[in-house]
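> just coords:
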């Protein structure tokens, strides 16, 4: 199973190098096929103007059949964006990272989706159950079973 | 291309699998071109059939196969496979067992969580006593244990509550000893505890009385057949179990990993999907994954195209990630706690069968019930030896003692020897049951493997899509 994820990630990386990332997305590091870092910024007018956030992608050997584990980096000068779907430990409640994941998606499409998730935010606030969740959250966000309350954000 | 037919996946100039993102140019087809390309929906996404099938498998369980949709256009994939009637019956039974397993887990968790430790102790002791009764039969149960806990020997209070636990443990690969072995070793040397039998037993065990016993009270056969519970539990069963498991996993490997056309396809496209799916299936059936045994004795690769051995030098085996679902745990618990009942049922089945076969009757050493009559203790060998006891030197005395002990272990304990050996036919019955069950499971695994191998995802034409949106080898010429 390892071969398929390696080859697929190799293709994605080649595409990033040849075609570049979309506006506001920057590749920070992709030294291996297990863990990649990106920064994302929201372009144009938004609640997050001037802010940049770092994203951490972790891949299992079953990628792209299984979704990658994606979270915002917290610590070392990085903060998770204040957003109703982002917990203060960096975990993200987004259906495309869970039950709506499909192999047609990829690293770049996740970055773009998260960018637009931030862009469409009307009010900067933490999820209502933030404290309770962060207290008991597993290290890997894929081990959490999120309930996707509202699809419109 | 005739003008009235829509283009198909074979007419594309460049094929790009939406899952693995591999490309294939129409004039650069890799040799040999065994990978099948599929256009399963109504949008422009296409994929390798192998990649799609892997994805299908991961979705299995979450939803039925026929509900699988294209992530982009939402069209349902049509999957065809070979499902003989026997397979359909078996898989619906499997589903029913999984459902029961879920319920059993809830009941067990509720039981463990809701009950205090002392209640748990009482419950497991009661279950242990019940299991003993089923395994050794009513008659012997009344001699060595009786219904009244006042009569129980002290070790019964340790031993009986541990019984359900040891039955559960015997379903895991953790311990080598089967639950029956544990039982047999502890209980084979006990003395009768109901007052009458124990008084008589004591009387005959005194040397001066022992000499008067006839050498072989029940004839030669009774003292050497069936083997004593101790012998069976401590030596015969563990050895048999080892041998059986080894050969079973060999047969399993041979049957389930035979090189097929599909397996050779995977040599070019090494995805090892069977290994993976079958592990999950095996676990689902509660079949132990005998990982360390496989390592102990690596089988030679089945053939040179074996994808495991030659998949692009990718020799490491996929880590066995065990997904223990609630249903699986419940199934194991359910199956473990039913062992005494199954053994008892199989034993009585053998008893009924034996009425028409003298051979089976002898093998099972069936005797009529004694109906409360207390038998002479079975001291055959011992009594012969005691006459020699007085004469002879130290060496001979030691020899006599060893022979006496071995004789007792082989010929059965003082207590159990004369009774109808219900425990023996239950043990044999359980063995027959296990072998039958494994054979059925293996058949089911085999049929499942065939079903997986035969899966085909229906490929559609690009009807309904504007041909100018497609990168075709021969673009349609408009206006002609």
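On my side now, so go ahead. Quantities reported herein were computed from a predicted structural model and do not represent experimental measurements. Numbering: from 1, shown residues only, chains lettered A, B, ... in the order given.
> okay, now residue B:76: neighbour count?
With neighbours defined by other Cβ atoms under 10 Å in any protein chain shown, the count for residue B:76 comes to 12. C-betas here are computed from N, CA, C, even on glycine.
> for it, list each beta-bridge partner.
Beta-bridge partners recorded for residue B:76 (DSSP bridges): residue B:69.
> can you tell me how far residue B:239 sits from chain A?
Separation of residue B:239 from chain A (Cβ to the nearest Cβ, to the nearest Å): 38 Å.
> can you tell me the SS state at that residue?
On the three-state scheme (DSSP: H, G, I helix; E, B strand; the rest coil), residue B:239 is labelled helix.
> what residues does chain A have near chain B?
On the criterion Cβ under 8 Å from any Cβ of the partner chain, chain B has as its neighbours in chain A the residues A:1-4, A:7-8, A:11-12, A:61-62, A:64-66, A:102-106.
> spell out the residue ranges of the helices in chain A.
Counting by DSSP state H, chain A has helices at residues A:2-19, A:107-119, A:130-136.
> out of these, deepest packed?
Scoring those by mean neighbour count under mean count of other Cβ atoms under 10 Å in any protein chain shown gives helix A:107-119 as the most buried, with a mean of 19.
> tilt between it and helix A:2-19?
For helix A:107-119 and helix A:2-19, the angle between their directions (axes from the mean of the first three to the mean of the last three Cα atoms, to 10 degrees) works out to 70 degrees.
> how far does helix A:107-119 sit from the chain's center?
7 Å (Cα atoms, centre = their mean, to the nearest Å).
> dump the residue contacts of residue B:443.
Counting by Cβ atoms under 8 Å, 6 or more residues apart in numbering or on different chains, residue B:443 touches B:86, B:90.
> residue B:132: what secondary structure?
Applying three-state DSSP: residue B:132 is helix.
> just give the number of residues close to it.
Count around residue B:132 with other Cβ under 10 Å applied: 22.
> and if you look at the one 5 residues further on?
The burial count assigned to residue B:137 is 22, neighbours taken as other Cβ under 10 Å.
> now for it: which residues touch it?
Counting by Cβ under 8 Å, 6+ apart, residue B:137 makes contact with B:347, B:419, B:420, B:422, B:423, B:426.
> what is the neighbour count of the third one?
With neighbours defined by other Cβ under 10 Å, the count for residue B:420 comes to 20.
> for the fourth one, same thing?
Residues near residue B:422, counting by other Cβ under 10 Å, number 27.
> I'd like to know how far it sits from residue B:160.
Residue B:422 sits 18 Å away from residue B:160, taking Cβ to Cβ, to the nearest Å as the criterion.
> could you do the first one as well?
The spacing between residue B:347 and residue B:160, counted by Cβ to Cβ, is 20 Å.
> more neighbours: those two, which one.
Applying other Cβ under 10 Å to residue B:347 and residue B:160 shows that residue B:347 carries more neighbours, namely 26 against 23.
> quick one: buried residues of stretch A:135-148?
Neighbour counts over stretch A:135-148 (16 or more other Cβ atoms under 10 Å in any protein chain shown) mark A:137, A:141, A:142, A:146 as buried.
> residue contacts, the third one?
Residues counted as contacts of residue A:142 (Cβ under 8 Å, 6+ apart) are A:67, A:69, A:97.
> hmm, 6 Å instead?
By Cβ atoms under 6 Å, 6 or more residues apart in numbering or on different chains, the contact set of residue A:142 is residue A:69.
> same check, this time on the second one
Listed by Cβ under 6 Å, 6+ apart, the contact partners of residue A:141 are A:69, A:71, A:91.
> for the last one, give me the pLDDT.
For residue A:91, the pLDDT comes out at 91.
> could you check the pLDDT of the nearest residue to it once chain neighbours are set aside?
Of all residues not flanking residue A:91 in the chain, residue A:141 sits nearest, at 4.3 Å (Cβ to Cβ, 6 or more residues apart in numbering or on different chains). Residue A:141 carries a pLDDT value of 85.
> ok so, going back, quick one: least confident of the contacts of residue B:137?
Out of the contacts of residue B:137, that is residue B:419, at 68.
> next, count neighbours for residue B:468.
Around residue B:468 there are 10 other residues, counting by other Cβ under 10 Å.
> list the buried residues in the one helix or strand residue B:107 maps to.
Applying DSSP states H and E as the criterion places residue B:107 in helix B:85-114. The neighbour-count check on helix B:85-114 (16+ other Cβ under 10 Å) flags B:87, B:90, B:94, B:97, B:98, B:101, B:102, B:104, B:105, B:108 as buried.
> let's see the pLDDT reported for the last one.
Looking at residue B:108, its pLDDT reads 74.
> the fifth one too?
Among the per-residue scores, residue B:98 holds a pLDDT of 77.
> can you tell me how far it is from residue B:71?
Taking Cβ to Cβ, one finds residue B:98 at 28 Å from residue B:71.
> got the contact list for the closest residue to residue B:55 other than its chain neighbours?
The shortest distance from residue B:55 to any non-neighbouring residue, by Cβ to Cβ, 6+ apart, is to residue A:65 (5.5 Å). Residue A:65 is in contact with B:54, B:55, B:58, counting by Cβ under 6 Å, 6+ apart.
> please flag which of those sit within helices.
In helices, judged by DSSP H, the following of the contacts of residue A:65 are found: B:54, B:55, B:58.
> most neighbours among these, which one is it?
Among the ones in helices among the contacts of residue A:65, the one with the most neighbours (other Cβ under 10 Å) is residue B:54, at 23 neighbours.
> would you convert the helices of chain A into CSV that also reports mean pLDDT?
Below are the helices of chain A laid out as CSV (pLDDT from 0 to 100):
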stretch, mean pLDDT
helix A:2-19, 85
helix A:107-119, 92
helix A:130-136, 87
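> do I have it right that residue B:331 meets residue B:99?
No: contact criterion Cβ atoms under 6 Å: residue B:331 and residue B:99 do not qualify, at 9.7 Å.
> any idea how many residues pack against the nearest residue to residue A:124 once chain neighbours are set aside?
When the adjacent residues along the chain are set aside, residue A:124 lies closest to residue A:82, with 4.3 Å between them (Cβ to Cβ, 6+ apart). Neighbourhood size, residue A:82 [other Cβ under 10 Å]: 17.
> what about residue 53, how many neighbours?
No chain was given, so I picked chain A. The burial count for residue A:53: 23, using other Cβ under 10 Å.
> chain B, not that one
By the measure other Cβ under 10 Å, the count of residues near residue B:53 is 21.
> find the nearest non-adjacent residue to it, please.
residue B:455 (5.9 Å).
> domain parsing for chain B?
What the TED database lists as the domains of chain B is B:1-81, B:105-257+B:327-454.
> endpoints of the longest one, how far apart?
Across its full length, domain B:105-257+B:327-454 reaches 34 Å between end residues, using Cα to Cα, to the nearest Å.
> for chain A, what spans make up the strands?
A:25-29, A:35-41, A:52-58, A:69-72 (DSSP state E).
> just the closest residue of chain A to chain B, please.
Closest contact between chain A and chain B, by Cβ to the nearest Cβ, is at residue A:102 (3.2 Å).
> who's in contact with that residue?
Neighbouring residues of residue A:102 by Cβ under 6 Å, 6+ apart: residue B:71.
> ditto for the one 10 residues further on
Going by Cβ under 6 Å, 6+ apart, residue A:112 touches residue A:22.
> beta partners of the most centrally placed residue in chain A?
For chain A, residue A:70 is the residue whose C-alpha lies nearest the centre (Cα atoms, centre = their mean; 4.2 Å). For residue A:70, the beta-bridge partners are residue A:57 (DSSP bridges).
> check the gap between it and residue B:97 for me.
Applying Cβ to Cβ, the value for residue A:70 to residue B:97 is 37 Å.
> separation between the residue of chain B found nearest chain A and residue B:48?
Across chain B, the shortest distance to chain A (Cβ to the nearest Cβ) belongs to residue B:71, at 3.2 Å. Going from residue B:71 to residue B:48 by Cβ to Cβ gives 16 Å.
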